[in-house]
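[1] need coordinates for the following:
(one chain, ligands or ions: 2)
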Amino acid sequence: MATFSLLHSSATCFLSHSETSLKPHSAASFTVRCSSPASPIPVAPSQNHRRPADESIRDEARRRPQLQNLSARYVPFDAPPSSTESYSLDEIVYRSQSGGLLDVQHDLAALKRYDGEFWRSLFDSRVGKTHWPYGSGVWSKKEWVLPEIDDDDIVSAFEGNTNLFWAERFGKQHLQMNDLWVKHCGISHTGSFKDLGMTVLVSQVNRLRKMNKPVVGVGCASTGDTSAALSAYCASAGIPSIVFLPADKISMAQLVQPIANGAFVLSIDTDFDGCMDLIREVTAELPIYLANSLNSLRLEGQKTAAIEILQQFNWEVPDWVIVPGGNLGNIYAFYKGFQMCRELGLVDRIPRLVCAQAANANPLYLHYKSGYKDFNALKASTTFASAIQIGDPVSIDRAVYALKRSDGIVEEATEEELMDATALADSTGMFICPHTGVALTALMKLRKSGVIEANDRTVVVSTAHGLKFTQSKIDYHSKNIKEMACILANPPVRVKAEFGSVMDVLKEYLKNNESKC
Ligand SMILES: Cc1ncc(COP(=O)(O)O)c(C=O)c1O
Ligand SMILES: N[C@@H](CCOP(=O)(O)O)C(=O)O
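    Ligands and ions are numbered 1, 2, ... in the order given. Model (predicted):
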């Protein structure tokens, strides 16, 4: 078998990655197995290329060599260069000595032994395969996520690799844009982007438990998505999960997820910020590992969505990326993913970031408007974007850092704006959650003011699946929302089971439609 550069591979050949041949500063090499020259069309390779029948993909992964001498550790977030404080990822620590946030710092000098072309080729070679664990969009970037974890300890649902939807009709018809994309992070295992971070956190917990560290379970406060992801990944690994939910403030679809996955569910008479305070106190007292994004491990997984966007554009950098923000870990995760790609030579710039908040839960927006002077937490009001109903975001410092370094902007959306934007997007073939409606509202405002231009390549991050938020859509389309015109409501027409009645309503519909065309 010959070893060729990926760039020289032939379309009729079956490629399989041979990582034994990975060398610093070289493009990844591949072992190429060609179909028989006598065969007129490429045929599926015979069964014997597969691993032995009694082996699983985990067993197979054990034989695969890994890149050596890569490492990561916790350091205080945004620490001065003189700081020497650091912790092993195998320690249970969420805060720095001074009580500040932590960050996972990779050994960039070790990663830089390989050039940008090497990393691009390596990551590209792993997309969409069933190789453990690289078939996952997160673990396909393992060397940049948790380089030292044993593949055997990884808990993965082959998450990530979510589609980048070309919003052709929405862009052209409503914004005169032809390069508008929606990154559907919610079309995933538990229906939100939280899977990306949770696979990393639960994998590390799995490793800690195997090391006999005192972790009897994993806990989080949640507005519905973190709890769904935590309970699914824990259930898959047989680890107990405990979730604190604000009573009556999350959707039914979200509530049923941890229940079904066997989590211990506490429904607490407070809001998310109240639940967050409680879980922080509890995890300081009991050997329950904290799974919220205060724990910087989560962001290592979430940052891979940014890398994936670059990859999907063949490593061309979009002009704008718009992210709905609540607890504010994700906006930093996107920044970190883009920035690592720049620093390690995969791309030469990063996109401008926009963080979009619901006007009813807008502490970052107010902070931005004040020129980032004094930050004031607030009591968030009810919003249809219930997963971002957060008034005291734990990652405020991370968000400000990301926005300042990406020439970023913060926008807000009223309830009516976010629901109309959601309905408008749905009417062009999407089925988005209200948080994505917040992000689309930000886009519409920035287009109207000319900040985002018609030809700017723009990515809106869709954070959850619309099917988790059907009640808000039902309320909108039945015009059942107080003080909201619901101008795009499209209620079903009730009609008698009789040919004449059906014909009457259809003729009326066709006449109205004709006058609209
Ligand atoms: C669906 C959805 N969108 C957006 C967010 C905001 O993400 P972050 O808290 O990282 O700002 C969350 C959670 O907070 C969410 O569940
Ligand atoms: N939307 C989140 C809120 C908690 O955010 P986290 O990223 O800090 O876990 C949720 O779904 O719970």
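
[2] list the contacts for Ser395?
    Listed by C-beta atoms under 8 Å, 6 or more residues apart in numbering, the contact set of Ser395 reads Leu101, Ser293, Leu294, Asn327, Leu328, Gly329, Ile331, Tyr332. Using the backbone N, CA and C atoms, a C-beta is placed for each residue, glycine as well.

[3] ok, now which ones touch the fifth one?
    If I follow you right, that is Leu328. Contacts of Leu328 (C-beta under 8 Å, 6+ apart): Cys355, Leu364, Pro393, Val394, Ser395, Ile396, Arg398, Ala399.

[4] out of everything not next to it in sequence, what's closest to the residue nearest in space to the middle of the chain?
    Nearest residue to the geometric centre of the chain (C-alpha atoms, centre = their mean): Phe193, 3.3 Å. Leaving out its chain neighbours, the residue that sits closest to Phe193 by C-beta to C-beta, 6 or more residues apart in numbering is Cys185, at 3.7 Å.

[5] what does Pro240 give?
    The nearest residue in space to Pro240 (C-beta to C-beta, 6+ apart) is Gly217, at 3.7 Å.

[6] again with Cys341
    Cys341's closest residue in space is Val347 (C-beta to C-beta, 6+ apart), at 4.9 Å.

[7] cool, and Thr458?
    Leaving out its chain neighbours, the residue that sits closest to Thr458 by C-beta to C-beta, 6+ apart is Trp320, at 4.4 Å.

[8] thinking again about what came up before, thinking the residue nearest to the centre of the chain is in contact with His435, fair?
    No: using C-beta atoms under 8 Å, Phe193 is not in contact with His435, being 10.0 Å away.

[9] give me the common contacts of these two.
    Shared contacts of Phe193 and His435, defined by C-beta under 8 Å, 6+ apart, are found at Thr463, Ala464.

[10] how close does Ser121 sit to ligand 2?
    32 Å (C-beta to the nearest ligand atom, to the nearest Å).

[11] secondary structure element for that residue, which one?
    For Ser121, the enclosing helix or strand under DSSP states H and E is helix 116-126.

[12] list the buried residues of the helix or strand following that helix.
    Per DSSP H and E, helix 116-126 leads on to strand 164-166 as the next helix or strand towards the C-terminus. By neighbour count on 16 or more other C-beta atoms under 10 Å, the buried set for strand 164-166 is Leu164, Phe165.

[13] so who does the residue of the stretch 51-200 of the chain found nearest ligand 1 touch?
    When you check the stretch 51-200 of the chain against ligand 1 by C-beta to the nearest ligand atom, the closest residue turns out to be Ser192, at 5.1 Å. By C-beta under 8 Å, 6+ apart, Ser192 lies in contact with Cys185, Gly186, Asp225, Ala228, Ala229, Ala387, Thr463, Ala464, His465, Lys468.

[14] which outside residues touch whatever helix or strand Leu230 lives in?
    For Leu230, the host element (DSSP H and E) is helix 225-237. With contacts defined as C-beta under 8 Å, 6+ apart, helix 225-237 is touched by 155, 157, 189-195, 197-199, 201-202, 205-206, 217-218, 220, 222, 240-241, 243, 245, 254, 257-258, 261-263, 265, 291-293, 387, 463-464, 468.

[15] how does it look with 7 Å?
    Helix 225-237 is contacted by residues 155, 157, 189-192, 194-195, 198-199, 202, 206, 218, 220, 240-241, 243, 245, 254, 257-258, 261-263, 291-292, 387, 464 when judged by C-beta atoms under 7 Å, 6 or more residues apart in numbering.

[16] wait, isn't Leu310 in contact with Val347?
    Yes: counting by C-beta atoms under 7 Å, Leu310 touches Val347, with 5.8 Å between them.

[17] who's more crowded, those two?
    When Leu310 is set against Val347 and neighbours are counted by other C-beta atoms under 10 Å, the residue ahead is Leu310, at 22 against 19.

[18] need the contact list for the more buried one.
    Leu310 touches Val317, Cys341, Leu346, Val347, counting by C-beta under 7 Å, 6+ apart.

[19] wait, the last one touches Pro318, no?
    Read that as Val347. No: taking contacts as C-beta under 7 Å, Val347 lies outside contact range of Pro318: 10.4 Å.

[20] one step back: how far away from the center of its chain is the helix holding Ser121?
    Computed by C-alpha atoms, centre = their mean, to the nearest Å, the chain-centroid distance of helix 116-126 equals 21 Å.

[21] what residues sit buried inside it?
    Buried, per 16+ other C-beta under 10 Å, within helix 116-126: Gly116, Glu117, Phe118, Trp119, Arg120, Ser121, Leu122, Phe123, Ser125, Arg126.

[22] farthest-separated two in those?
    Pairwise distances across those peak at 16.4 Å for Gly116 and Arg126 (criterion: C-beta to C-beta).

[23] any weak-confidence spans in this protein?
    Within the chain, the stretches with pLDDT under 70 are 1-49, 517.

[24] could you chop it up by domain?
    Domain assignment for the chain by automatic domain parsing gives 2-68+111-153, 72-106, 164-190+302-477.

[25] okay, these, which one's buried deepest?
    The highest average neighbour count among the domains of the chain, using mean count of other C-beta atoms under 10 Å, belongs to domain 164-190+302-477 at a mean of 22.

[26] if we can go back for a sec, a markdown table for the buried residues of helix 116-126, including distance to Asn512?
    A markdown table is the format used below for the buried residues of helix 116-126 (distance: C-beta to C-beta, whole Å):
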| residue | distance to Asn512 |
| --- | --- |
| Gly116 | 55 |
| Glu117 | 57 |
| Phe118 | 59 |
| Trp119 | 55 |
| Arg120 | 52 |
| Ser121 | 55 |
| Leu122 | 55 |
| Phe123 | 50 |
| Ser125 | 53 |
| Arg126 | 51 |
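
[27] correct me, but the residue nearest to the centre of the chain touches Ala305?
    Yes: if you go by C-beta under 7 Å, Phe193 and Ala305 touch, sitting 6.4 Å apart.

[28] shared neighbours of those two, anything?
    In contact with both Phe193 and Ala305: Cys185, using C-beta under 7 Å, 6+ apart.

[29] which of the contacts of helix 225-237 fall in strands?
    Under the assignment DSSP state E, the contacts of helix 225-237 contribute Val218, Cys220, Ser241, Val243, Leu245 to strands.

[30] and the last one, bridged to which residues?
    Partner residues in beta bridges with Leu245: Ser267, with DSSP bridges as the criterion.

[31] and for the second one?
    As for beta bridges, Cys220 partners with Val243 under DSSP bridges.

[32] does it touch Asn292 like I think?
    Yes: contact criterion C-beta under 7 Å: Cys220 and Asn292 qualify, at 5.1 Å.

[33] burial count for Leu488?
    15.

[34] element containing it?
    Assigned by DSSP H and E, Leu488 belongs to neither a helix nor a strand.

[35] secondary structure class for the closest residue to it other than its chain neighbours?
    Setting aside the residues directly before and after it, Leu488 is nearest to Ala423 in space (C-beta to C-beta, 6+ apart), at 3.8 Å. Put simply, Ala423 is helix when judged by DSSP: H, G, I helix; E, B strand; the rest coil.
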